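*Asks:* Here's a sequence, model it:
(one chain, ligands or ions: 2)
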Amino acid sequence: MIGWAAMHERADPVIDALGRRGNLPAETSTFLGRDEDLAEVGRLLRDEPLVTLTGVAGVGKTRLALKAAGELPGGAWLVELSGERNGALLAHTIGSAIGLPEQAARPQGDVLAEHLADRRMLLILDTCEHLLRPCRDLVGQILRAAPGVRVLVTSRQPLGLPGERVHTVRPLPVTAEDCDAVRLFRDRALAVRPGFECSDDAVLRLCRRLDGVPLALELAAGRLRALTARELLDHMDDRFSLLSGRGRTGRHRTLRTAVGWSHELCTPEERLLWARLSVFAGTFDADAAADVCADERLRGVPDLVSRLADKSVLIRHGQRFRMLGMMRDYGREWLREIGEERLVAGRHRHHSLALRRVMRHPRRRACGDPGRRPESGRPHPGPGH
Ligand SMILES: Nc1ncnc2c1ncn2[C@@H]1O[C@H](COP(=O)(O)OP(=O)(O)OP(=O)(O)O)[C@@H](O)[C@H]1O
Ligand SMILES: [Mg+2]
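*Replies:* Numbers count the residues shown, from 1 in each chain. Ligands and ions are numbered 1, 2, ... in the order given. Next up is the predicted model:
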């Protein structure tokens, strides 16, 4: 069977009125790490019509999508959707990105699907989490009509289409002085402070506090204009006041707006659970979450936990879950604001004590006590996992 990449190379690429065979932007900063992700996404794109890169705010979904697309033969078309708030205009936005003229007489989705029907191309829909349903409908229509089209989506939540292959982008590993997260931080630091050096382990510890999330690392490195790495580290409890970037626009202006975008896309119940879950420092399972967070204001916690993981607010580790530091701090602020900090911290203390008692007296398990380990007793799996 001939692979899609080979067909793509042979076929006429989509050329727009300006003679372009794609519109990928040139890279303006060094790309670091991600060898395994690139290999996996490249493999998926050769075999699958729809690939979605998902993951937490600022983790590098868009950057990875552009890099992976740039390594494929043939052109690729990028459609940036973060500024598009009206799902009804989705087909128009895609059409205008690929140079398709408007036809007022017919639905633009039909016009687009017809236009793409015999084309071979890669379409990148960047930032779809706020337009899940319209994206799902239109991508389904395009893929049914156009067997030569591949769609690469970036979204904090998968579209949920049958056949969608989801690749979760994890934070960069923070393991040692020469790990990818530290290399990224140092690279961006050198851009604002030529000759930047740090003799102690402050940079490594800072990267750890920032969980290896590239956006947070870049924003922190930008602050080296005014602060030392040690000062940054000392002020990490206040990361949202500290981490904002000059010259950035949209939701990447600050760490708070980047995380806040996820918060806006949550339902009131999901936001309340996010706030309450911020009392967990390590991993937890759905039962522990229910123990600490459920009450008459918040029912159906196990299902809500799963929804927060779908939205990349929580990271899944098998049956357990974890919140990155920036998501936890955001939830903690919200918890304080709604006046529940003491209440939920108290419930969490009770929960931990009960579990410790069970561990000290394992025979009680047989008498009906819960048989779980305390969440704090679990080794932290590290940001790259
Ligand atoms: N592997 C990498 N090497 C270098 N820079 C990176 C890498 N990954 C991400 N970045 C940088 O980190 C920042 C955030 O990355 P990106 O925009 O791809 O995140 P995202 O996951 O798409 O965020 P969002 O959820 O808000 O869409 C960008 O400035 C990007 O260039
Ligand atoms: Mg993105």
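
*Asks:* how many neighbours does the closest residue to Ile98 other than its chain neighbours have?
*Replies:* With C-beta to C-beta, 6 or more residues apart in numbering as the criterion, Ile98 has its nearest non-adjacent residue at 4.9 Å, and that residue is Trp77. C-beta here means a position set from N, CA and C on the backbone, and glycine is covered the same way. For Trp77, the count of nearby residues is 23 (other C-beta atoms under 10 Å).

*Asks:* before we move on, what SS does Trp77 have?
*Replies:* At Trp77, secondary structure determined by DSSP: H, G, I helix; E, B strand; the rest coil is strand.

*Asks:* For it, give me its contacts.
*Replies:* 14, 22-23, 97-98, 121-124 (C-beta atoms under 8 Å, 6 or more residues apart in numbering).

*Asks:* Any chance you could note which residues of the stretch 51-200 of the chain sit beside ligand 1?
*Replies:* Within the stretch 51-200 of the chain, the residues that sit near ligand 1 (C-beta under 6 Å from any ligand atom) are 55, 57-63, 127, 154, 156, 184.

*Asks:* Return the member of those residues nearest to Leu206.
*Replies:* Distance to Leu206 across these (C-beta to C-beta) is lowest for Leu184, with 11.8 Å.

*Asks:* hang on, the earlier thing: contacting ligand 2 as well, which ones from the residues of the stretch 51-200 of the chain next to ligand 1?
*Replies:* Among those, the residues within reach of ligand 2 (C-beta under 5 Å from the ion) are 61-62.

*Asks:* possible to save the contacts of Trp77 as TSV with pLDDT?
*Replies:* Converted to TSV, the contacts of Trp77 look like this (pLDDT from 0 to 100):
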residue	pLDDT
Val14	52
Gly22	86
Asn23	90
Ala97	92
Ile98	90
Met121	91
Leu122	95
Leu123	96
Ile124	97
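
*Asks:* now the helices: where do they sit in the stretch 201-350 of the chain?
*Replies:* For the stretch 201-350 of the chain, the helices defined by DSSP state H, counting those that start in this stretch cover 202-209, 214-222, 229-234, 239-242, 255-264, 268-277, 286-293, 301-310, 325-337, 341-360.

*Asks:* hang on, the earlier thing: strands - which of the contacts of Trp77 land there?
*Replies:* Judged by DSSP state E, strands contain the following of the contacts of Trp77: 121-124.
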